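Task: produce atomic coordinates for the following.
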Amino acid sequence: MTLKEIKELLQAEVIVGKNCLDEEIMFAGGSDLMSDVLAFGKPGLLLLTGLSNAQSVRTANIIETKAIMYVRGKKPDKAGIALAREKGIPLLSTKHMMYTACGLLFSHGLPGVSGLSSKK
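Numbering: from 1, shown residues only. This next block holds a predicted model:
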């Protein structure tokens, strides 16, 4: 599923990275706890989170996230936006709650991180 398809499905706004919408997203994961993201995240992840400060972008950069989708209409602070631009991480925002956003992605065929690890 491309980032553009995800944007349309979740009726999201692109904050940073309009030129990255053709990126292929293979799996997603949602968390507001960046320690969980560090523990269970994988390179290429679409991170769904409500944590809208620069720490979410720093964490995403460490695990080589493909993009961040902020839920509940949240948007990152100026420091987060600047860091995302610097690191080339697309940022989007959806008004959906985390549960709904993850459910929509899963029901349209995008697996979660745990779904991938159980197949190995």
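
Below-threshold pLDDT in the chain: ranges please.
115-120 (pLDDT under 70).

what's the span of stretch 83-92, first residue to last?
14 Å (C-alpha to C-alpha, to the nearest Å).

doesn't residue 79 fall inside a strand?
No. Secondary structure of residue 79 (DSSP: H, G, I helix; E, B strand; the rest coil): helix, not part of a strand.

who touches the closest residue in space to it that isn't next to it in sequence in this structure?
Closest residue to residue 79 apart from its sequence neighbours, by C-beta to C-beta, 6 or more residues apart in numbering: residue 54 at 4.1 Å. All C-beta spots, glycine's among them, are computed from the backbone N, C-alpha and C. Neighbouring residues of residue 54 by C-beta atoms under 8 Å, 6 or more residues apart in numbering: 76, 77, 79, 80, 83.

Let me know the closest of the residues you listed to residue 100.
Nearest to residue 100 among the contacts of residue 54 is residue 76, at 20.3 Å by C-beta to C-beta.

Would you mind measuring the gap between the ends of stretch 37-48?
End-to-end for stretch 37-48, by C-alpha to C-alpha: 10 Å.

what sits up against that stretch?
So stretch 37-48 is in contact with 3, 6, 25-31, 49, 56, 59-60, 62-71, 98, 101-102, 105, 110, 113-114, 116, going by C-beta under 8 Å, 6+ apart.

Buried ones only from these, please, as a ChimeraX command.
Of the contacts of stretch 37-48, the buried ones go into a single ChimeraX selection, burial set by 16 or more other C-beta atoms under 10 Å:
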select :3,6,25,27,28,29,30,31,49,56,59,60,63,65,66,67,68,69,70,71,98,101,102,105,110,113
